[in-house]
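>>> Below are the sequence and a predicted model for it; my questions follow.
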Amino acid sequence: MPKEFTYRGHTIEQLQAMSMDEFIRILPSRQRRSLLRGLSQEQRALLEDMKATRKSGDKDIQVKTHRRDMPILPQMVGLSIQVHNGKEFSLVEIKPEMIGHYLGEFSNPIQKVVHGTPGIGASRSSMYVPLK
(Lines give C-alpha, C1' and ligand atoms only; values in the text may rest on other atoms or scores of the structure.)
Protein backbone atom coordinates (compact mmCIF):
# COMPACT_ATOMS: atom_id res chain seq x y z
CA MET A 1 0.00 0.00 0.00
CA PRO A 2 1.56 3.35 -1.04
CA LYS A 3 2.16 5.90 1.67
CA GLU A 4 -0.16 8.91 1.50
CA PHE A 5 1.57 12.19 0.63
CA THR A 6 1.71 14.83 3.35
CA TYR A 7 3.34 18.25 3.30
CA ARG A 8 4.25 19.38 6.81
CA GLY A 9 1.51 17.20 8.26
CA HIS A 10 -1.23 18.16 5.78
CA THR A 11 -2.66 15.94 3.02
CA ILE A 12 -3.01 17.23 -0.54
CA GLU A 13 -6.78 17.63 -0.09
CA GLN A 14 -6.26 19.72 3.05
CA LEU A 15 -3.67 21.87 1.25
CA GLN A 16 -6.00 22.51 -1.68
CA ALA A 17 -8.83 23.44 0.69
CA MET A 18 -6.65 25.94 2.63
CA SER A 19 -6.80 29.64 1.97
CA MET A 20 -3.68 31.22 0.51
CA ASP A 21 -2.84 32.88 3.87
CA GLU A 22 -3.01 29.56 5.74
CA PHE A 23 -0.86 27.87 3.12
CA ILE A 24 1.73 30.65 3.16
CA ARG A 25 2.18 30.18 6.92
CA ILE A 26 3.41 26.59 6.50
CA LEU A 27 5.87 27.31 3.65
CA PRO A 28 9.65 27.61 4.15
CA SER A 29 10.89 31.15 4.77
CA ARG A 30 12.14 31.96 1.26
CA GLN A 31 8.88 30.97 -0.45
CA ARG A 32 6.82 32.54 2.34
CA ARG A 33 8.65 35.84 1.95
CA SER A 34 8.24 35.86 -1.84
CA LEU A 35 4.49 35.18 -1.58
CA LEU A 36 3.96 37.70 1.23
CA ARG A 37 5.48 40.40 -0.97
CA GLY A 38 2.75 39.58 -3.49
CA LEU A 39 2.65 37.93 -6.87
CA SER A 40 3.93 39.86 -9.87
CA GLN A 41 1.63 40.58 -12.79
CA GLU A 42 3.25 37.76 -14.80
CA GLN A 43 2.79 35.28 -11.93
CA ARG A 44 -0.88 36.25 -11.63
CA ALA A 45 -1.33 35.70 -15.36
CA LEU A 46 0.31 32.28 -15.04
CA LEU A 47 -2.10 31.32 -12.24
CA GLU A 48 -5.06 32.46 -14.35
CA ASP A 49 -3.82 30.39 -17.32
CA MET A 50 -3.48 27.34 -15.07
CA LYS A 51 -6.99 27.80 -13.68
CA ALA A 52 -8.35 28.09 -17.22
CA THR A 53 -6.64 24.86 -18.34
CA ARG A 54 -7.87 23.04 -15.25
CA LYS A 55 -11.46 24.21 -15.91
CA SER A 56 -11.29 23.17 -19.56
CA GLY A 57 -10.37 19.65 -18.49
CA ASP A 58 -8.21 19.11 -21.58
CA LYS A 59 -5.00 17.34 -20.55
CA ASP A 60 -3.31 18.09 -23.90
CA ILE A 61 -3.14 21.84 -23.25
CA GLN A 62 0.15 22.87 -21.64
CA VAL A 63 0.88 26.30 -20.26
CA LYS A 64 4.19 27.85 -21.36
CA THR A 65 5.99 30.21 -19.01
CA HIS A 66 9.26 32.01 -18.42
CA ARG A 67 8.41 32.47 -14.71
CA ARG A 68 11.02 30.21 -13.10
CA ASP A 69 10.60 32.06 -9.79
CA MET A 70 6.99 30.96 -9.28
CA PRO A 71 6.53 28.83 -6.14
CA ILE A 72 4.57 25.63 -6.76
CA LEU A 73 1.17 25.85 -5.07
CA PRO A 74 -1.25 22.99 -4.26
CA GLN A 75 -3.61 24.21 -7.00
CA MET A 76 -0.95 23.40 -9.62
CA VAL A 77 -0.67 19.68 -8.76
CA GLY A 78 -1.50 17.46 -11.72
CA LEU A 79 -0.83 20.06 -14.41
CA SER A 80 1.88 19.96 -17.08
CA ILE A 81 3.76 23.22 -17.53
CA GLN A 82 6.46 24.06 -20.05
CA VAL A 83 9.15 26.08 -18.28
CA HIS A 84 11.75 28.02 -20.26
CA ASN A 85 15.33 27.11 -19.38
CA GLY A 86 17.03 29.88 -21.36
CA LYS A 87 17.09 28.05 -24.67
CA GLU A 88 13.92 25.98 -24.96
CA PHE A 89 10.82 24.99 -23.04
CA SER A 90 11.10 21.82 -20.95
CA LEU A 91 8.03 19.94 -19.79
CA VAL A 92 7.45 19.81 -16.03
CA GLU A 93 4.65 17.60 -14.70
CA ILE A 94 3.77 18.88 -11.26
CA LYS A 95 3.53 16.24 -8.56
CA PRO A 96 2.55 16.70 -4.89
CA GLU A 97 6.19 16.30 -3.79
CA MET A 98 7.07 19.51 -5.67
CA ILE A 99 4.90 21.76 -3.47
CA GLY A 100 6.94 24.54 -1.91
CA HIS A 101 9.70 24.44 -4.54
CA TYR A 102 10.16 26.82 -7.47
CA LEU A 103 9.31 25.96 -11.09
CA GLY A 104 12.88 26.70 -12.15
CA GLU A 105 14.26 23.93 -9.95
CA PHE A 106 12.75 21.34 -12.30
CA SER A 107 13.92 22.88 -15.59
CA ASN A 108 17.71 22.69 -15.56
CA PRO A 109 19.40 25.37 -17.73
CA ILE A 110 22.80 23.65 -17.70
CA GLN A 111 23.27 20.65 -19.96
CA LYS A 112 26.28 18.38 -20.29
CA VAL A 113 28.46 19.25 -23.26
CA VAL A 114 28.86 16.31 -25.62
CA HIS A 115 31.52 16.79 -28.29
CA GLY A 116 31.64 14.82 -31.49
CA THR A 117 34.62 12.70 -32.45
CA PRO A 118 37.51 14.58 -34.03
CA GLY A 119 37.95 14.00 -37.74
CA ILE A 120 39.17 15.63 -40.90
CA GLY A 121 38.87 19.39 -40.56
CA ALA A 122 38.45 19.31 -36.79
CA SER A 123 41.60 21.38 -36.27
CA ARG A 124 44.33 23.08 -38.27
CA SER A 125 46.76 20.26 -37.50
CA SER A 126 44.49 17.65 -39.13
CA MET A 127 45.46 19.20 -42.47
CA TYR A 128 48.82 17.45 -42.29
CA VAL A 129 47.54 14.02 -41.25
CA PRO A 130 47.71 11.55 -44.13
CA LEU A 131 44.35 10.05 -45.08
CA LYS A 132 45.76 6.50 -45.39
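Cool, the structure landed. Everything quoted here is computed from the prediction, not taken from an experiment.

>>> What is the neighbour count of residue 92?
21 (other CB atoms under 10 Å). Backbone N, C-alpha and C define where each C-beta goes, glycine included.

>>> my read is it is in a strand, agree?
Yes - assigned with DSSP: H, G, I helix; E, B strand; the rest coil, residue 92 falls within a strand.

>>> pLDDT weak spots in the protein?
Low-confidence segments of the chain, defined by pLDDT under 70: 117-122, 125-132.

>>> Tell me where it has strands.
Ranges of strands in the chain, per DSSP state E, are 6-7, 10-11, 63-65, 80-84, 89-93.

>>> Need these in a markdown table (columns: distance to residue 73).
Converted to a markdown table, those look like this (distance: least, CB to CB, whole Å):
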| stretch | distance to residue 73 |
| --- | --- |
| strand 6-7 | 11 |
| strand 10-11 | 13 |
| strand 63-65 | 14 |
| strand 80-84 | 12 |
| strand 89-93 | 14 |
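
>>> Return the most buried member of the ones you listed.
Among the strands of the chain, strand 80-84 has the highest mean neighbour count (mean count of other CB atoms under 10 Å), at a mean of 19.

>>> circling back: so which of the strands of the chain comes closest to residue 56?
Among the strands of the chain, strand 63-65 comes nearest to residue 56, with 11.3 Å by CB to CB.

>>> what does the closest one contact?
Contacts to strand 63-65, defined as CB atoms under 8 Å, 6 or more residues apart in numbering, come from residues 46, 49-50, 53, 79, 81-84, 89, 103.

>>> okay, among those residues, which ones form the most distant pair?
53 and 84 (17.5 Å).

>>> For residue 37, find the nearest of the strands of the chain.
Per CB to CB, nearest to residue 37 of those: strand 63-65, 19.2 Å.

>>> Tell me where this protein has helices.
Secondary structure of the chain (DSSP state H): helices at 12-17, 20-25, 29-36, 41-56.
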